[in-house]
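K.L.:
A predicted structure for the sequence below; I have some questions about it.
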Amino acid sequence: MNFLAHIYLSGDNDFIKIGNFMADGIRGKQFENFSEEIQKGILLHRAIDTFTDAHPIFRESTKRLHERYHHYAGVIVDIFYDHFLAKNWANYSNENLEEYVNRFYQSMHIHHDLLSERAKRILPYMEKQNWLSSYQSIEGIHQILTQMDRRTNNSSNMRFASEELQMYYDEFEQEFSLFFEEIKTYCASKINTL
């Protein structure tokens, strides 16, 4: 799961969303330096990653990519799944995706002083290039994967992964749909135990 799914799975609490958004940059017990609600978001993010990486449907999706992309296969499927969430957004929310995204950005600005340094650095690029909404199109996914590939000095070859997305589009979408129902149920329960 990538940014959009992590934010969506956080429910309606802005602080849990913020914690979930910035969790990748928070190591070990550093999460204890944040407020209780932001800690919940960070812990939820970690739980989502653990659930996702071990899930047989997610692993089925990554199998198609292992030969060409090796250990980046999971990262790519995370992006693909965000594509299907964005594309099928009306199935998961009564709120328009653009409005949802704008409300998230607004919350990030209101609570800017609570963000980690890494999140503060990412936010302007994310907002300017409108990453969350760009997930709706294959072209948007291609651009995101190309940017990620650059960060690996083009060694990951992720810039080519939209080829597999198009080649196995129906299979990936079906797997996403099944998986997402399960992770929604998991997260709704998990939030109450954090």
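P.N.:
That came in fine, so what should we check first? All values reported here derive from a predicted model rather than from experimental measurement. Residues are numbered from 1 along each chain as shown.
K.L.:
skipping adjacent residues, who's closest to Phe180 in space?
P.N.:
Leu85 (6.9 Å; CB to CB, 6 or more residues apart in numbering). Every residue, glycine included, has its C-beta placed from N, CA and C.
K.L.:
isn't the one you found up against Tyr135?
P.N.:
Yes. Between Leu85 and Tyr135 there is a contact under CB atoms under 8 Å: 7.3 Å.
K.L.:
between these two, what contacts are shared?
P.N.:
Common contacts of Leu85 and Tyr135, defined by CB atoms under 8 Å, 6 or more residues apart in numbering, comprise Leu4.
K.L.:
picking up where we left off before, give the contact list for the residue nearest to Phe180.
P.N.:
Contacts of Leu85 (CB under 8 Å, 6+ apart): 4-5, 8, 92, 135, 176, 180.
K.L.:
now, among the residues you listed, which is nearest to Glu164?
P.N.:
Nearest to Glu164 out of the contacts of Leu85 is Phe176 (CB to CB; 14.0 Å).
K.L.:
what's the helix or strand for that closest one?
P.N.:
Element membership of Phe176 [criterion: DSSP states H and E] is helix 169-191.
K.L.:
buried residues in that helix?
P.N.:
Buried residues in helix 169-191, defined by neighbour count with 16 or more other CB atoms under 10 Å: 172-173, 175-176, 179-180, 183, 186-187, 190-191.
K.L.:
any idea how far the residue lying closest to Gln166 once chain neighbours are set aside lies from His66?
P.N.:
Using CB to CB, 6+ apart and skipping the chain neighbours, the partner closest in space to Gln166 is Ile138 (6.5 Å). According to CB to CB, to the nearest Å, Ile138 stands 21 Å off from His66.
K.L.:
got a pLDDT number for the residue nearest to Gln166?
P.N.:
pLDDT for Ile138: 96.
K.L.:
read off the pLDDT value for Val77.
P.N.:
98.
K.L.:
cool, Gly25 as well?
P.N.:
88.
K.L.:
helix or strand: which one has the nearest residue to it once chain neighbours are set aside?
P.N.:
Nearest residue to Gly25, sequence neighbours excluded (CB to CB, 6+ apart): Arg118, at 3.5 Å. Element membership for Arg118, per DSSP H and E: helix 117-128.
K.L.:
quick one: average pLDDT of that helix?
P.N.:
93.
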